[in-house]
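S.K.: Based on what follows, work out the 3D shape:
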Amino acid sequence: MKNNTIVHSLGHAVLVGVYVSLVASVMNHGSKWFGQTDTAWTPVAVLMLFVLSAAITGTLVLGRPVLMYLDGQKKEALQFFGYTLVWLAVLTVLVFVIMIVKK
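M.R.: Numbers count the residues shown, from 1 in each chain. Have a look, this model is predicted:
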């Protein structure tokens, strides 16, 4: 069961990484796709993206552990959450290493 938890938490962390990469791509290419002129809709779009991102990443990181916790699997829920955070930390360090190497 523990090995399954580690792999499953890795999957959640990878999905967060994929989502963050997609949002970063939109932000990086936004001026090409949407033009450089700011309108009244620009802050609305940015704030909506922020709220959506918080909901998606929050669900990926906390959704399963909360359901497990409420189901009485308190120890497993905390382990799953911890493993997900560790995987996110590993992916973050990996991104920084890639940035340093490509410099």
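S.K.: any weak-confidence spans in this structure?
M.R.: Along the chain, the model assigns pLDDT under 70 to residues 1.
S.K.: show me the contacts for residue 9.
M.R.: Residue 9 is in contact with 80, 83, 84, 86, 87, counting by CB atoms under 8 Å, 6 or more residues apart in numbering. Every residue, glycine included, has its C-beta placed from N, CA and C.
S.K.: Make a PyMOL selection of the buried ones in the residues you listed.
M.R.: Buried residues among the contacts of residue 9 (16 or more other CB atoms under 10 Å), as a PyMOL selection:
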select buried, resi 80+83+84+87
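S.K.: Columns distance to residue 18 and secondary structure on top of the contacts of residue 9, output as JSON lines?
M.R.: Compiled in JSON lines, the contacts of residue 9 are given as follows (distance: CB to CB, whole Å; DSSP: H, G, I helix; E, B strand; the rest coil):
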{"residue": "80", "distance to residue 18": "19", "secondary structure": "helix"}
{"residue": "83", "distance to residue 18": "18", "secondary structure": "helix"}
{"residue": "84", "distance to residue 18": "14", "secondary structure": "helix"}
{"residue": "86", "distance to residue 18": "18", "secondary structure": "helix"}
{"residue": "87", "distance to residue 18": "13", "secondary structure": "helix"}
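S.K.: ok, now which ones touch residue 58?
M.R.: Per CB under 8 Å, 6+ apart, neighbours of residue 58: none.
S.K.: Ok, the one 3 residues further on next?
M.R.: Under the criterion of CB under 8 Å, 6+ apart, the contact list for residue 61 reads 12, 16, 81, 84, 85, 88.
S.K.: Could you pull up the residues touching the second one?
M.R.: In this case it means residue 16. The neighbours of residue 16, taking CB under 8 Å, 6+ apart as the test, are 57, 60, 61, 88, 91.
S.K.: Relative to residue 52, how far out is the third one?
M.R.: Remark: distance between residue 61 and residue 52 (CB to CB, to the nearest Å) = 15 Å.
S.K.: Give me the buried positions along the longest helix along the chain.
M.R.: Determined from DSSP state H, the single longest helix within the chain is helix 2-34. Neighbour-count burial for helix 2-34, counted by 16+ other CB under 10 Å, picks out 5, 9, 10, 12, 13, 16, 17, 20, 23.
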